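Peer 1: Task: produce atomic coordinates for the following.
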Amino acid sequence: MNKCIIFLAVCFLVSCTSNTGNVVVDVAETSNKLFVEPDSVKDKQQEFVEKLKLTGKNPNKRALYEEYIDVLGANGILDGIDAVYERCHGQAHDLGKVVFAKVSDISTGLRICSDRCYTGCMHGVLMEAFKEAQDDEDGHIDVMKLKEMLNDICLNNEEMKASYGPGECAHGVGHAMMFLSGYGIQEALDACAGFDNQKMDYYCTDGAYMEYAVERESEDQDKSLFYPCDTFAYPATCMRTKVGLVGKQLDKVGADLVKECEKLEGKFRLGCFHGIGTSHAKILALEKMRINELCSQGSSEEQVACIEGAVEFMGKYFPDDVQKTCDQLADAQKEICVAAGQHKLYSMEKDLSLYLR
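Peer 2: The predicted structure follows:
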C-alpha cells in the first residue's frame with residue numbers, strides 16, 4: 001500500500017506594513033538586530049542545538065529561545081530548530097512569540113520569520129500579537145476587541161491584499177485564535193466570526209482547525225475518528241487537515257480512505273471528500289494516483305469537493321502539475337479543475353456556497 005500520505009502544513013505567507021500595536025519601529029533596523037552572521041557564532045550555535053535536543057517533545061521552548069535570541073539571532077534559532085526537528089512547525093511557534101515581543105510590530109515580525117518551518121514562526125508572531133485581544137480577567141478572547149484588529153490587518157491593509165490576499169491572512173489568524181482560546185474549538189470559531197466577510201470567517205476556521213488537529217491529535221484518540229470535523233461547523237475546512245492525519249493513522253490512501261468518508265452523512269461527508277482531495281494533492285502531483293479515479297466516488301457535489309480540495313492545493317504548491325492533472329478529467333469536471341487551479345488556496349473569488357450551506 002502506498003504510504004505517501006501528505007501531512008498538511010499549509011499556511012499563509014505575508015509581508016506587509018502595519019502599525020498594529022502601539023510601538024512603531026524602523027523595520028530595517030529591527031530586522032538587522034535579530035540577524036546574526038552564522039559564521040561568527042558557530043560554537044554558540046552548537047551549544048543551542050544541544051540544549052534544544054534536551055527539551056525533546058516539551059512544547060514550551062520560549063525560555064530557551066529568549067536566552068539565545070540576541071546571541072544567535074532569529075535566523076540562528078530557526079536554523080537550529082530546522083536541524084533538530086524534521087517538521088519544525090510547532091517548535092517554531094514560541095520563536096515567533098519571542099520575535100514579536102522583541103519588535104512589537106506584526107509586519108516586522110513576519111518579515112523576520114519569513115515562511116520558515118512551514119510558517120510556524122509566523123503563526124507564533126500572530127499568537128503573541130493578538131494577546132491584547134484577550135480579556136484581562138480570564139484570559140479568553142474578547143471578540144469585540146478582536147474584530148477591529150482582524151479587519152484592519154487582513155482587509156484594510158492595501159499591501160497585504162495586493163501581495164498575498166486577505167484569505168491567506170485569515171488562515172494565519174485562525175491559528176492564533178485557536179491557540180489564544182486555549183484550544184477551545186467553539187471559542188476559536190466564534191472569534192473567527194469577527195470578520196465582516198463570511199469568506200474570511202471560513203478561511204479563518206481553516207487555520208484554527210489546522211492548529212487544533214496538529215497540536216491535539218494525540219489527545220483525541222478516545223473520540224470519533226474524524227473529531228472535531230464531524231461535530232462542529234465548517235467541516236470542509238476542518239477535514240482539509242484531518243483526513244490526512246486519519247489516513248496516516250489508519251495507513252490508508254485512495255479508495256480505502258474514501259470508504260471512511262462514506263460512513264459520514266450530509267455536510268460532514270461532503271467536507272470529508274474535500275479533505276480526501278487535499279490530503280492526496282502531493283500524490284496526484286507525483287502521478288502516483290489519478291484524480292479521475294480518486295474523485296470518482298460519491299455524489300456529483302462530493303466529486304466537485306474532492307477535485308477542488310486537491311487542485312486548489314496544487315495550484316499553490318504544485319502549479320506546474322495542475323494542467324496534466326486536469327487533463328485527466330472531462331467536460332464540466334475539467335472546467336472545475338482548471339478554475340480550482342487558478343483560484344489556488346484562500347481565494348476571495350471562489351464561490352463557497354457549496355461549503356457554506
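
Peer 1: what does the average pLDDT come to for the strand or helix carrying residue 311?
Peer 2: In this structure, residue 311 sits in helix 300-317 according to DSSP states H and E. Summarised as a single mean, pLDDT over helix 300-317 is 97.

Peer 1: List the buried residues of that helix.
Peer 2: Judged by neighbour count using 16 or more other Cβ atoms under 10 Å, the buried positions of helix 300-317 are 302-316. (C-beta placed from N, C-alpha, C; glycine too.)

Peer 1: remind me, longest helix of this protein?
Peer 2: Assignment by DSSP state H gives helix 62-84 as the longest helix of the chain.

Peer 1: Let me see the contact set for residue 250.
Peer 2: Residue 250 is in contact with 256-257, 260, counting by Cβ atoms under 8 Å, 6 or more residues apart in numbering.

Peer 1: can you list the residues you listed in CSV and add distance to residue 336, neighbour count and secondary structure?
Peer 2: Conversion of the contacts of residue 250 to CSV gives the following (distance: Cβ to Cβ, whole Å; neighbours: other Cβ atoms under 10 Å; DSSP: H, G, I helix; E, B strand; the rest coil):
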residue, distance to residue 336, neighbour count, secondary structure
256, 25, 12, helix
257, 21, 22, helix
260, 24, 17, helix
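
Peer 1: Can you report phi and psi for residue 35?
Peer 2: Backbone dihedrals for residue 35, given as degrees, to the nearest 10, come out at phi -120, psi 130.

Peer 1: about what we covered before: name the helices or strands packed onto the helix holding residue 311?
Peer 2: helix 235-250, helix 266-279, helix 281-285, helix 291-294, helix 322-326, helix 331-343 (3 or more Cβ pairs under 8 Å, 6 or more residues apart in numbering; DSSP states H and E).

Peer 1: Same list, those helices, but as JSON lines with distance to residue 202 and mean pLDDT please.
Peer 2: Below are these laid out as JSON lines (distance: least, Cβ to Cβ, whole Å; pLDDT from 0 to 100):
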{"stretch": "helix 235-250", "distance to residue 202": "6", "mean pLDDT": "96"}
{"stretch": "helix 266-279", "distance to residue 202": "12", "mean pLDDT": "97"}
{"stretch": "helix 281-285", "distance to residue 202": "19", "mean pLDDT": "96"}
{"stretch": "helix 291-294", "distance to residue 202": "24", "mean pLDDT": "97"}
{"stretch": "helix 322-326", "distance to residue 202": "23", "mean pLDDT": "97"}
{"stretch": "helix 331-343", "distance to residue 202": "13", "mean pLDDT": "97"}
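
Peer 1: quick one: which of those helices is nearest residue 103?
Peer 2: Closest to residue 103 of the helices and strands packed on helix 300-317 is helix 235-250 (Cβ to Cβ; 29.5 Å).

Peer 1: and that closest one with helix 266-279, angle?
Peer 2: Going by axes from the mean of the first three to the mean of the last three Cα atoms, to 10 degrees, helix 235-250 is angled at 60 degrees with respect to helix 266-279.

Peer 1: Need the residues that contact the longest helix of the chain.
Peer 2: Helix 62-84 is contacted by residues 34-36, 38, 41, 44-45, 48-49, 51-53, 55, 88, 91-92, 94-95, 97-99, 102, 112-113, 116-117, 121 when judged by Cβ under 8 Å, 6+ apart.
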